[in-house]
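A.B. asks: Kindly generate the corresponding structure for this input.
(chains A, B and C)
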Amino acid sequence: MTVKIGVTLPLTGDVAMLGQNSKKAIEMAMEDITDTKYNYEIVFEDDQFKPSVGVTTVNKLISVDKVSALLSFGSPVGNSVNPVAESQEVAHINFFASDMNVANGLYNFVNYTPPYKDAKLFVSELQRREIKNLGIFEVQDNPGAAAITQALEEEIKGTDINIVANKKFNTGTRDFRTLISEVKNENIDIYLLQASSPELEIVYKQMREMGVQVPVTSIETFEFSSDISLFEGSWYVNAADPEKWFVDEYISRYSDSPKFGAANGYDSIQIIVRAIEKVGNGKTIPTNEKIRDSIQNTKSFDGALGKNLKFDDDGIVVSDAVVREIQGGSPVTIK
Amino acid sequence: MDSIIPQLIVNSIIAGSIYSLVALGFNLIFGTTKFFNLAHGVVAAIGGYGAFAMLKMFDQNILISIIFGIVAAAFFGWLSEKLIYRPMRKNKSSGTVMLVASLGLFTALQAVIAIIFTSQFKTLSTNVGRTKVYEIFGGIITETQVVILVTAILIMIGLGLMMKFTKLGKAIKAISDDEEVAKIVGINTNKVIAKVFIIGSAIAGVAGIAIGFDTGIEPTMGMGLLLKGVIAVIIGGVGNVYGGVAGAFFLSFVENFGIWKISGEWKDAIAFTVLLLFLIFRPGGIFNKKK
Amino acid sequence: MEYLIHLAILISIWSMLAVSLNLIVGYTGILSMTHAAFFGLGAYATAISMTIHDINFFLSVLIGIFVTGVVALIFGLILSRFRGDIYAIASFGLNIIVFSIFLNWQELTRGPLGIPGISRPEIGFGLDFIFKSNLHFLILVAVFAFIIYLISEYVVNSSFGRVLQAIREKEQTIQVFGYKTHFFKLTIFVISAMMASVAGSFFASYITFIDPSTFSLNESIFILAIIILGGLSNNKGAFIGTVFLILLPEILRFVGFPTDIAAQMRQIVYGLLLVGLMMYRPQGLLGKFRL
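C.D. replies: Okay, the predicted model is just below:
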């Protein structure tokens, strides 16, 4: 008996690099699962990271492919798939959502560290290091970055940490020199770089070129930089820690490092398969309701993101943020 | 705050030189064919990717890669003229029809680049993070940028000399003024226009390569670049080759000072508002040459 | 099947956009590239009214129409002094400015996070009916799409419509006859924008979540491609163009392109379609008018 699982990812468009990367992680996850009662077929569709296309792909996956569960990536698609999953009663895990609204409802789950956890840890680390004056370079049109900044501003209230400057720019900006000039002479102890490749590396290089020697930090972004050695010695906050075995396996299989969301994708597909295996008899496909209940009741799942993963009552995975540092060109957890 | 101004000026000059390269080619083509060639943007991208392919995929040295990139850009520009625009001109297609066609070409070519090279951002420079920097009056400029600036100036001067002193330059001017008359006088307009596309596209290719070295390339780079080039051209006065250069610098100064005074994320909105203001209040461009 | 109903809903929404753009481009001959902005204004008006102010959907549609109408009036006045290609570029600029506002005015629009949780249309007055099922929604939106189609047909077949087509053919001629062409162009521009706003309102309520990415310049280009394909100045053509370009990617899904390049392949198809149409059939499948 074959069970189909639908996965909608941004395989083309601006975030294609991440979507393709997660696709590989999901494929790897399926190869790592052996000895199951059912045959599993993963159907991939491209949603271009656009909400309306996401709704189209998911409708197709449900109506035409008759999938038993869904995976999606990112809050824009997550938010628009949410009502479809709910009304058609198909379990849906979004594994890269910065907006926890995506988990609203019975059939919707999110496997991603909520931004407020990153923010809380970041603020406490700043306090621990007695850093008071924060400068931020923030990419403006990225939902993930926006969610984290919002959470950060919340957490900072009532502390003596001060956001001295917040320089915003849109994805596609390649010339940060004017923005950097504006903050060069401010009293800033550390810069928070909320951008991903390539803006991340470019803004860092241009900062150094212009003589800004102050330390840099980030929430979530260093680890997936295309040139991680740039950030040698810098500490940062990351959502859950991909296990070393996962990273090594991915690299040896694909000669490329896993990026944002890859480990989450790996775990999410396995959670679904595990859930189905638990309630299925191998001959008939379990009902959507049973599958959804089984996913909700996931306990002691050991995955790429750590041990004992489970979902809370809102359907959001329980996981923590960590503080890490780049040492010798590799991420090392220090807290 | 006054130490920021020299840097803003340096930033503006660098951005301006890249925009002016795009504007120069665009203006040459518009002057002779009288339509807005939106595929000009993707030609710049082809230049950058051509150089990238040689440099990173075939391990050639920098000079060969740059030359290849420029040739690739020029080739595609010429090809688009030969296969698409010339037959359309023969068919008496209006400027609007050709604009839409060039838009289609732009869309298709950009997707091809994305398929071949993936959507990932790539950089041409090899000595990442260790470029030499110089300080000029308090503003910082990297070695790569100095090279870009010098190249842009040389190209502008070269083009100027060509336009003024060579037969080709005079023929181009004649066609820009009046294509029918130029034909009557015996100028082979198709041949001249073909050369215009080659030169204009080559210059765009240089722009793409320059950006590739300064920051990097991605398949969608053409649109943004092109729009800025178009704004520069309109500010400077459509068809006015040097106006385009002036417009490019004007635009980059307004953008950078605008970022300073307003905020980084509004950069595009600022650029287009400037465009609209010019179109409304000074449609002839800064120099207000009547067409 | 839900999938087909979903596609039918998308076709209904996009046909409103196509039919309304046709009024400006096809019948009046003005190349406007800012339609996505009006689509977006309607969507955001509905989204904000419904989520923050708890306003009924149908009332939010009216709010959207009003807001869009005012913006279109301003845009129309700005654009009215331009002709042909410059009009197109200026309208691009307006689209980009509006998009920038959607993206950056975060206090109002939540920027890239978008606005989730928009509910489906509801009829109060004791009926208490919510258009929750897709089939019900389809019926509702199809009715509105049909109404817009009828309005459009009425306009183009009226004497007002004949003036528009005369403007397209030779504006100077009918100005001589005393027609204040500015007024006609402005009116149709505003009407067309208001129709696009209705499409936006339905889009917001159907998907229940909107973000700026749907309302970029690329969307304006897509709508233009629809009406060029279907045939300018032909409402049936606009509908056929919509059906074709919405279904094309779905059909390609089953063709078995490797999923990673499918979207790029679609871009190539659109691009080449535009080029081919402009070269060989600028009036489109059903149209009578050449751009």
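A.B. asks: Might you list the low-confidence residue ranges for chain B?
C.D. replies: Judged against pLDDT under 70, the low-scoring parts of chain B cover residues B:1-3, B:126-131, B:287-291.
A.B. asks: Which residue ranges of the stretch 51-200 of chain C form helices?
C.D. replies: C:57-79, C:84-104, C:106-109, C:134-157, C:159-176, C:181-207 (DSSP state H, counting those that start in this stretch).
A.B. asks: Buried ones in the fourth one, by neighbour count?
C.D. replies: Pointing back at helix C:134-157 there. Using 16 or more other C-beta atoms under 10 Å in any protein chain shown as the test for burial, helix C:134-157 gives C:134, C:137-142, C:144-145, C:148-149, C:152, C:155-156. Heads up, the C-betas are built off the backbone N, CA and C, glycines and all.
A.B. asks: next one: that helix to chain centre, how far?
C.D. replies: 13 Å (C-alpha atoms, centre = their mean, to the nearest Å).
A.B. asks: Also the third one?
C.D. replies: Here helix C:106-109 is found 23 Å from its chain centre; the criterion is C-alpha atoms, centre = their mean.
A.B. asks: Does chain B have contacts with it?
C.D. replies: No - in terms of C-beta under 8 Å from any C-beta of the partner chain, no part of helix C:106-109 sits within range of chain B; the closest distance is 9.6 Å.
A.B. asks: what sits against the residue nearest to C:Y44 when sequence neighbours are not counted?
C.D. replies: Nearest non-adjacent residue to C:Y44, counting by C-beta to C-beta, 6 or more residues apart in numbering or on different chains: C:T109, 6.0 Å away. Going by C-beta atoms under 8 Å, 6 or more residues apart in numbering or on different chains, C:T109 touches C:Y44, C:I48, C:I101, C:F102, C:L103, C:I115, C:P212.
A.B. asks: Distance-wise, check C:T109 relative to chain B.
C.D. replies: As defined by C-beta to the nearest C-beta, to the nearest Å, C:T109 lies at a distance of 13 Å from chain B.
A.B. asks: Test for you: state the pLDDT assigned to that residue.
C.D. replies: On the pLDDT scale, C:T109 is placed at 89.
A.B. asks: Would you confirm that A:I136 contacts A:A195?
C.D. replies: No - judged on C-beta atoms under 8 Å, A:I136 makes no contact with A:A195 at a distance of 10.2 Å.
A.B. asks: Compare neighbour counts for those two and give me the winner.
C.D. replies: Counting neighbours by other C-beta atoms under 10 Å in any protein chain shown for A:I136 and for A:A195 shows that A:A195 has the greater number, 25 against 21.
A.B. asks: Contacts only, for the more buried one.
C.D. replies: Counted by C-beta under 8 Å, 6+ apart, A:A195 has contacts A:F137, A:E138, A:V139, A:A145, A:V203, A:T221.
A.B. asks: Just give the nearest non-adjacent residue to the fourth one, would you?
C.D. replies: By that I understand A:A145. Closest residue to A:A145 apart from its sequence neighbours, by C-beta to C-beta, 6+ apart: A:Q194 at 4.6 Å.
A.B. asks: so where does B:K173 fall, helix or strand?
C.D. replies: helix B:167-177 (DSSP states H and E).
A.B. asks: do that helix and chain C meet at all?
C.D. replies: No - using C-beta under 8 Å from any C-beta, we find that helix B:167-177 stays clear of chain C, coming within 15.8 Å at best.
A.B. asks: elements contacting that helix?
C.D. replies: Helices and strands touching helix B:167-177, by 3 or more C-beta pairs under 8 Å, 6 or more residues apart in numbering or on different chains; DSSP states H and E, are helix B:4-33, helix B:143-165, helix B:179-184, helix B:189-214.
A.B. asks: Can you give the distance from it to the centre of its chain?
C.D. replies: With C-alpha atoms, centre = their mean, you get 20 Å for helix B:167-177.
A.B. asks: contacting residues around the residue nearest to C:I9 when sequence neighbours are not counted?
C.D. replies: Nearest residue to C:I9 in three dimensions, chain neighbours excluded: C:L138, at 5.1 Å (C-beta to C-beta, 6+ apart). Residues in contact with C:L138 (C-beta under 8 Å, 6+ apart) are C:I5, C:A8, C:I9, C:S12.
A.B. asks: Before we move on, what's the pLDDT of C:L138?
C.D. replies: 93.
A.B. asks: Spell out which parts of the stretch 51-200 of chain C neighbour chain B.
C.D. replies: Counting by C-beta under 8 Å from any C-beta, the stretch 51-200 of chain C sits next to chain B at C:78, C:81-82, C:84-86, C:88-90, C:92-94, C:96-97, C:100-101, C:103-104.
A.B. asks: Quick one, which of the contacts of C:T109 are buried?
C.D. replies: C:Y44, C:I48, C:I101, C:F102, C:L103, C:I115, C:P212.
A.B. asks: Out of these, the closest to chain A would be?
C.D. replies: C:L103 (5.2 Å; C-beta to the nearest C-beta).
A.B. asks: Hmm, the closest one is touching A:Q140, no?
C.D. replies: Yes - between C:L103 and A:Q140 there is a contact under C-beta under 8 Å: 6.9 Å.
A.B. asks: Identify the contacts common to those two.
C.D. replies: Here C:L103 and A:Q140 have A:N170, B:E265, C:G111, C:P112 as joint contacts, going by C-beta under 8 Å, 6+ apart.
A.B. asks: Contact partners for the last one?
C.D. replies: With contacts defined as C-beta under 8 Å, 6+ apart, the neighbours of C:P112 are A:Q140, A:D141, A:N142, A:P143, A:A146, C:L103, C:D211, C:P212.
A.B. asks: State the distance from the third one to chain B.
C.D. replies: Between A:N142 and chain B the distance is 11 Å, computed by C-beta to the nearest C-beta.
A.B. asks: Give me the nearest residue to that residue, chain neighbours excluded.
C.D. replies: Using C-beta to C-beta, 6+ apart, the closest residue to A:N142 is C:P112 (5.8 Å).
A.B. asks: On the pLDDT front, check the one you found for me.
C.D. replies: So, for C:P112, pLDDT stands at 86.
A.B. asks: circling back: wait, which of the contacts of A:A195 is closest to chain C?
C.D. replies: Using C-beta to the nearest C-beta, the contacts of A:A195 come closest to chain C at A:A145, 8.0 Å.
A.B. asks: Distance check, A:L126 against A:L152.
C.D. replies: Noted for A:L126: a distance of 10 Å to A:L152, by C-beta to C-beta, to the nearest Å.
A.B. asks: Any residues of the stretch 151-300 of chain A in contact with chain C? List them.
C.D. replies: A:K168, A:N170.
A.B. asks: Let's verify A:K167: helix, strand, or coil?
C.D. replies: strand (DSSP: H, G, I helix; E, B strand; the rest coil).
A.B. asks: Settle this for me: it is touching A:S181, isn't it.
C.D. replies: No - using C-beta under 8 Å, A:K167 is not in contact with A:S181; the gap is 10.3 Å.
A.B. asks: who's more crowded, these two?
C.D. replies: Applying other C-beta under 10 Å to A:K167 and A:S181 shows that A:S181 carries more neighbours, namely 26 against 21.
A.B. asks: Great, nothing more from me.
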